[in-house]
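J.: What follows is a protein structure lacking sequence information:
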Ligand SMILES: [Zn+2]
Ligand SMILES: [Zn+2]
């Protein structure tokens, strides 16, 4: 009995995790495209990776992400919709000496945030992650300044 319940719980968790992975796959595919893309194009990009996601799932996932504000949508003249990663949600490495910033690959943060929120039953979760330090150039300059 105990065993069966454990198995059920694991399967329920697995479904949530699969959804999180589908979202991550869509977000990762969007990160590789600078311009607006169609769902068909997204599906093609995702299908070349390790994750196999059906076209219907991509449609649903894109709609969810658009509702969550993670994706920007535009409508073409012919009525079809195109999507792009929402501007504004990115994570940066910020140098506190020269104050320049570099966008960083943050998929692992997105996956963690989604999973943590979902596990706790939270919705409309937002997060802020900022990495500050000294950039490579400033580090090199400060090394050169040393006697
Ligand atoms: Zn710097
Ligand atoms: Zn983030």
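T.: Looks like it came in fine. Because the structure is predicted, anything quoted here is derived from the model rather than measured. Ligands and ions are numbered 1, 2, ... in the order given.
J.: next one: the helix or strand where residue 93 lies to chain centre, how far?
T.: Counting by DSSP states H and E, the element that carries residue 93 is strand 91-95. The chain centre lies 17 Å from the centre of strand 91-95; the measure is C-alpha atoms, centre = their mean, to the nearest Å.
J.: so what does it touch, helix or strand wise?
T.: strand 101-104, strand 130-133 (3 or more C-beta pairs under 8 Å, 6 or more residues apart in numbering; DSSP states H and E). Any C-beta I mention is one placed from the backbone N, CA and C, and that applies to glycine too.
J.: Check what pLDDT residue 40 gets.
T.: The confidence metric pLDDT takes the value 93 at residue 40.
J.: doesn't it fall inside a strand?
T.: No: Residue 40: not assigned to a strand; according to DSSP: H, G, I helix; E, B strand; the rest coil it is helix.
J.: Now do the contacts for residue 36.
T.: Shown in contact with residue 36 (C-beta atoms under 8 Å, 6 or more residues apart in numbering): 72, 74, 82-84.
J.: Spatially nearest residue to it (excluding sequence neighbours)?
T.: residue 82 (3.7 Å; C-beta to C-beta, 6 or more residues apart in numbering).
J.: is ligand 1 contacted by whatever helix or strand residue 140 lives in?
T.: Residue 140 is part of helix 136-145 when elements are defined by DSSP H and E. Yes: counting by C-beta under 5 Å from the ion, ligand 1 is contacted by helix 136-145 at residue 138.
J.: rewinding a little: name the helices or strands packed onto the one helix or strand the residue nearest to residue 36 maps to?
T.: Assigned by DSSP H and E, residue 82 belongs to strand 81-85. The contact analysis (3+ C-beta pairs under 8 Å, 6+ apart) places strand 81-85 against helix 2-31, helix 39-47, strand 71-75.
J.: In JSON lines: the helices and strands packed on strand 91-95, plus distance to ligand 1.
T.: Output for the helices and strands packed on strand 91-95, formatted as JSON lines (distance: least, C-beta to the ion, whole Å):
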{"stretch": "strand 101-104", "distance to ligand 1": "10"}
{"stretch": "strand 130-133", "distance to ligand 1": "9"}
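J.: picking up where we left off before, now the contacts of residue 36 in a markdown table, with distance to residue 107, pLDDT and neighbour count?
T.: Shown next, in a markdown table, are those (distance: C-beta to C-beta, whole Å; pLDDT from 0 to 100; neighbours: other C-beta atoms under 10 Å):
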| residue | distance to residue 107 | pLDDT | neighbour count |
| --- | --- | --- | --- |
| 72 | 18 | 85 | 15 |
| 74 | 24 | 87 | 10 |
| 82 | 22 | 92 | 16 |
| 83 | 17 | 92 | 24 |
| 84 | 16 | 89 | 15 |
